[in-house]
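> got a predicted structure plus its sequence, pasted below:
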Amino acid sequence: GNQPRTLLAWLALMQCGARVLPVNPQLPQTLLEALVPKLTLRFALTLEGENAFSGLTALQIQKSTAAYAVDWQPQRLVSMTLTSGSTGLPKAAVHTCQAHLASAQGVLSLMPFGPQDDWLLSLPLFHVSGQGIMWRWLFAGARMTVRDKQPLEQMLAGCTHASLVPTQLWRLLANRAAVTLKAVLLGGAVIPVELTDQASKQGIRCWCGYGLTEFASTVCAKEADGSDDVGAPLPGREIRIVDNEVWLRAASMAEGYWRDGKLIPLVNDEGWFATRDRGDLNHGRLTIAGRLDNLFFSGGEGIQPEEVERVINAHPLVQQAFVVPVEDKEFGHRPVAVVEYASQAGDVNLAEWVRDKLARFQQPVRWLTLPSELKNGGIKISRRALQQWVCENCKN
């Protein structure tokens, strides 16, 4: 979680001219040992727990009265953020100050956030979604609240803005707790109309969008309206669809991936970043179908797991659902669902529930419950790990 000193350390490191690589404390030691040597790091600052970076010089935080700051250079490389790659080792996307500010400027061209407003830093700084809040605060000269972890209602006291997932907002509205809130940036899947209607009755406007680590968070956004597109590209972002794949370029784009002291370019020969997201543009608004890499075929029919997951996730007792392919002699592959249920879920017959909501070929042939060992503390569950677990279970 973020503590006030996490933020202060980050700002101090930027003021020293350092390139900051924030690390999720939940990352396994073996992964860090594989990653760190390629990133040519020299110092480590550990705010709590053991120093996991034995080969690096440990830094201490000390209060100092002397003012020190490098000259402001918008083009300076300022952050390295690990992508949550679904395959292979995470890559470190490197951004300049200018790119982060371009990201902030684009979001704030759509979402009002002024000097009197106060955004809760509710997301971790090792994700671009958390960094996005910090840069919007710096760009707008507004206020930002950073509190030690406590129930969300208490953390939001006095805040006008927050970045939340739909379940958090549902809970706040049900408790009528979101008194000072006036604007929410919602992350995650499709946003139900009932949620945004209820929020607007309590004086809260909701926005949603589409973002990537490589683009310092949000690329497209809109005020939530119940339709399943993610909005139009924000100022300074451009989109092309090539063979159903979303290509992007933007002022907020990373300079490259950092490896062995060098920047590896992100863009293809045409100067665009190919996202591997499947999508289409309609009247300037982008709709994302899912990851191209997740698409599989069953009896000749293409199945995009995210489309099936969206339907299952709409069930009130489902927390999250995943659909993965298992090999099948007759069909090539068949879909299997792995579901995390809400704590109060008794016997839920999802197979029955999806029958009139999905095409026959899309309906999962087996329903499994998500095992706790696959919840690795990251924001995303690894599809590859899920796939392996399902294959082992379906043999039995």
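Perfect, I can see it now.
> only C-alpha atoms for contact and neighbour calcs from this point on.
Fine.
> wait, is H315 part of a helix?
No. Assigned with DSSP: H, G, I helix; E, B strand; the rest coil, H315 falls outside any helix and is coil.
> which non-adjacent residue is nearest A99?
With C-alpha to C-alpha, 6 or more residues apart in numbering as the criterion, A99 has its nearest non-adjacent residue at 4.0 Å, and that residue is S252.
> okay, how far is it across stretch 54-74, tip to tip?
32 Å (C-alpha to C-alpha, to the nearest Å).
> out of everything not next to it in sequence, what's closest to the residue positioned nearest the centre of the chain?
The centroid of the chain falls nearest to S129 when counting by C-alpha atoms, centre = their mean (6.1 Å). Take S129 and drop its neighbours on the chain: the residue closest to it by C-alpha to C-alpha, 6+ apart is S217, 5.6 Å away.
> thinking again about what came up before, L185 versus the residue nearest to the centre of the chain, what's the distance?
S129 sits 10 Å away from L185, going by C-alpha to C-alpha.
> then S103?
With C-alpha to C-alpha as the criterion, S103 and L185 are 14 Å apart.
> all strands of the stretch 51-200 of the chain, in order?
57-58, 77-82, 92-96, 118-120, 143-145, 161-164, 183-186 (DSSP state E, counting those that start in this stretch).
> generate CSV for these, with distance to G300 as supplementary columns.
Formatted as CSV, the strands of the stretch 51-200 of the chain follow (distance: least, C-alpha to C-alpha, whole Å):
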stretch, distance to G300
strand 57-58, 56
strand 77-82, 36
strand 92-96, 37
strand 118-120, 48
strand 143-145, 52
strand 161-164, 39
strand 183-186, 36
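> tell me how far E223 lies from Y210.
12 Å.
> who's more crowded, these two?
When E223 is set against Y210 and neighbours are counted by other C-alpha atoms under 10 Å, the residue ahead is Y210, at 21 against 18.
> my read is that the more buried one contacts A216, right?
No. Y210 is beyond contact range of A216, at 11.3 Å (criterion: C-alpha atoms under 8 Å).
> any regions of the protein where pLDDT drops low?
1, 85-88, 178, 188-190, 345, 376-379, 396 (pLDDT under 70).
> number of residues surrounding Q344?
Applying other C-alpha under 10 Å, we find 7 other residues in the vicinity of Q344.
> since we're on the residue lying closest to it once chain neighbours are set aside, how many residues are nearby?
Spatial nearest neighbour of Q344, chain neighbours left out: L317 (7.6 Å); criterion: C-alpha to C-alpha, 6+ apart. L317 sits with 17 neighbouring residues when counted by other C-alpha under 10 Å.
> can you give me the helices in the stretch 51-200 of the chain?
Assigned by DSSP state H, counting those that start in this stretch, the stretch 51-200 of the chain shows helices spanning 97-108, 128-140, 152-155, 166-174, 193-201.
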